[in-house]
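K.L.:
Return atomic coordinates for the entry below.
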Amino acid sequence: MPIYHTLGTIPHKRHTVFRKPNGELYAEELVSTEGFSSLYSLVYHCHPPTIVKSLGEPYSVEPKIAREKHLKHTSLIGFNIKPEDDYLQSRKAVLVNSDLHIVLAAPRKSMTDYFYKNSQADEVVFIHEGRGTLKTGFGKIKFEYGDYLVIPRGTIHQFEFETENNRLFIVESFSPIRSPKRYRNEYGQLMEHSPYCERDIKRPADMETFDEFGDFKVLIKKQGLMYPYTYGTHPFDFVGWDGFHYPWAFSIHDFEPITGRLHQPPPVHQTFEGHNFVICSFVPRKYDYHPLSIPAPYNHSNVDSDEVLYYVDGDFMSRKSVEKGQITLHPGGIPHGPHPGTVEKSIGKEKTEELAVMIDPFRPLMLTEDAVNIEDESYHKSWQINVE
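P.N.:
Reported below is the predicted structural model:
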């Protein structure tokens with residue numbers, strides 16, 4: 001999805017002499033993905049980004065699996081994740097497989113004494129509650145309720161929160177996060193039928209150069225371990241950069257829903273894609289306008305994928321007793337559908353105010369210990385009706 005962007009000062013040609021006012025060379029760095037075959041950016045530092053002063057002992061942040069194999073409709077009460085001061089400690093992986101981790105977080109404090117880099121995954125951070133600034137060497141991105149922050153792997157960053165009441169829904173993707181291919185032309189431009197366009201994308205701005213020496217702690221995640229690094233120069237010492245590899249943001253409120261005369265299937269809500277999964281946005285929209293249409297979704301057998309819904313806000317005509325921050329997991333292999341009475345109730349309705357994030361993974365998800373701790377154990381019985 002990212003389009004070409006540049007900030008700061010860069011030389012006229014790549015890989016050429018680029019000197020500081022004192023005559024020393026700036027340090028050029030190529031940040032590339034999939035070797036040299038996909039998106040990349042060229043970054044110019046005040047100092048080489050390789051000055052390591054010390055390494056700490058790595059420690060495990062691998063999710064602890066509580067339920068590897070299961071076939072039960074499951075609900076997690078996401079807001080039961082307790083707030084914690086530290087951003088990284090507040091992150092709790094709840095649903096995981098080899099393609100992605102789904103994480104809940106409720107951090108109270110900004111990151112002030114360390115920086116973070118995920119070297120194994122792109123991250124999509126959905127802001128459910130809170131506001132603030134994502135700070136990187138590429139520049140700053142202001143965020144607020146409803147924003148998706150897309151942070152490519154390898155991006156050193158800090159979160160600066162303006163409030164202590166923050167709720168985040170995070171997807172760690174072990175493959176690149178992209179806009180859906182069917183919405184892009186052969187040149188990568190989003191086409192007219194796409195539910196969002198380049199104007200909706202928030203790119204880094206207000207790049208600030210920190211030309212500083214000292215002890216700068218960077219926690220780097222790789223293969224389930226956290227590696228404490230101490231660098232001798234500030235990670236945000238960029239004087240300029242250009243390319244396609246950088247963090248960006250998109251608001252769920254800017255997603256333009258695709259509607260029709262009859263109920264539209266979930267792919268019309270698709271917002272992002274990764275390897276073996278998709279991320280969709282359910283937003284307020286007009287309902288189907290066929291005179292006999294049934295707005296409520298039909299029963300659906302998940303044959304090839306699990307289905308995850310994260311409920312953000314509004315009313316959900318297909319569900320009863322839904323609350324903010326709730327996660328439902330409908331595993332592949334058994335059908336799911338609207339709760340009893342909601343189909344008839346939906347007929348004649350003209351619009352919905354629901355707001356939700358959906359993830360369809362094509363490998364089964366496992367539940368972690370943190371997930372089991374917030375599970376509504378009776379959810380799988382919520383379709384029961386009285387039968388004589």
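K.L.:
what residues are up against residue 225?
P.N.:
58, 59, 60, 61, 62 (Cβ atoms under 8 Å, 6 or more residues apart in numbering). Placement of C-beta: from N, CA and C, glycine included.
K.L.:
How about residue 261?
P.N.:
Contacts of residue 261 were listed using Cβ under 8 Å, 6+ apart, and they are 288, 289, 290, 293.
K.L.:
And residue 163, by the same measure?
P.N.:
The neighbours of residue 163, taking Cβ under 8 Å, 6+ apart as the test, are 130, 131, 132.
K.L.:
Look up how far residue 146 lies from it.
P.N.:
Using Cβ to Cβ, to the nearest Å, one obtains 15 Å as the distance from residue 163 to residue 146.
K.L.:
Put the buried members of the contacts of residue 225 into a PyMOL selection.
P.N.:
One line in PyMOL is enough to select the buried members of the contacts of residue 225, burial here meaning 16 or more other Cβ atoms under 10 Å:
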select buried, resi 58
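K.L.:
can you put the contacts of residue 225 in CSV and add secondary structure, pLDDT and distance to residue 195?
P.N.:
Conversion of the contacts of residue 225 to CSV gives the following (DSSP: H, G, I helix; E, B strand; the rest coil; pLDDT from 0 to 100; distance: Cβ to Cβ, whole Å):
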residue, secondary structure, pLDDT, distance to residue 195
58, coil, 98, 41
59, strand, 98, 41
60, strand, 97, 39
61, coil, 97, 35
62, coil, 97, 36
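K.L.:
So what's the residue count around the closest residue to residue 136 other than its chain neighbours?
P.N.:
The spatial neighbour of residue 136 that comes closest, neighbours along the chain excluded (Cβ to Cβ, 6 or more residues apart in numbering), is residue 157 at 4.6 Å. Residue crowding around residue 157 was assessed by other Cβ atoms under 10 Å; the count is 22.
K.L.:
In contact with the one residue sitting closest to the centre of the chain, which residues?
P.N.:
Relative to the mean C-alpha position of the chain, the nearest C-alpha, by Cα atoms, centre = their mean, is the one of residue 124, at 1.6 Å. Under the criterion of Cβ under 8 Å, 6+ apart, the contact partners of residue 124 comprise 148, 149, 150, 151, 170, 171, 173, 177, 272, 279.
K.L.:
which among these gets closest to residue 220?
P.N.:
Closest approach between the contacts of residue 124 and residue 220, by Cβ to Cβ: residue 151, at 13.7 Å.
K.L.:
Tell me the bridge partners for the closest one.
P.N.:
In this structure, residue 151 has beta-bridge partners residue 123, where bridges are defined by DSSP bridges.
K.L.:
Give the residue spans of the stretch 251-388 of the chain that score low on pLDDT.
P.N.:
Under the criterion pLDDT under 70, the flagged ranges of the stretch 251-388 of the chain are 316-320, 386-388.
K.L.:
tell me the mean pLDDT over stretch 156-168?
P.N.:
Summarised as a single mean, pLDDT over stretch 156-168 is 97.
K.L.:
hey, where'd the helices end up in the stretch 251-388 of the chain?
P.N.:
342-346, 369-372 (DSSP state H, counting those that start in this stretch).
K.L.:
Nearest to residue 118, out of the ones you listed?
P.N.:
Nearest to residue 118 among the helices of the stretch 251-388 of the chain is helix 369-372 (18.4 Å), distances taken as Cβ to Cβ.
K.L.:
Does the closest one pack against any helices or strands, and if so which?
P.N.:
Counting contacts by 3 or more Cβ pairs under 8 Å, 6 or more residues apart in numbering; DSSP states H and E, the secondary-structure elements packed against helix 369-372 are strand 65-67, strand 92-96.
K.L.:
wait, which of those is closest to residue 236?
P.N.:
The closest of the helices and strands packed on helix 369-372 to residue 236 is strand 92-96. By Cβ to Cβ, the value is 27.7 Å.
K.L.:
strand partners of the closest one, parallel vs antiparallel please.
P.N.:
Applying DSSP bridges, one finds strand 92-96 paired with strand 100-105 (antiparallel), strand 366-368 (antiparallel).
K.L.:
which one of those strands is the most hemmed in?
P.N.:
Sort the strands paired with strand 92-96 by mean neighbour count, taking mean count of other Cβ atoms under 10 Å, and strand 100-105 sits at the top with a mean of 25.
K.L.:
what does the next helix or strand after that one rub up against?
P.N.:
Remark: after strand 100-105, the chain's next helix or strand is strand 115-118, criterion DSSP states H and E. By Cβ under 8 Å, 6+ apart, the list of residues contacting strand 115-118 from outside reads 87-88, 151, 153-158, 172, 216-221, 235.
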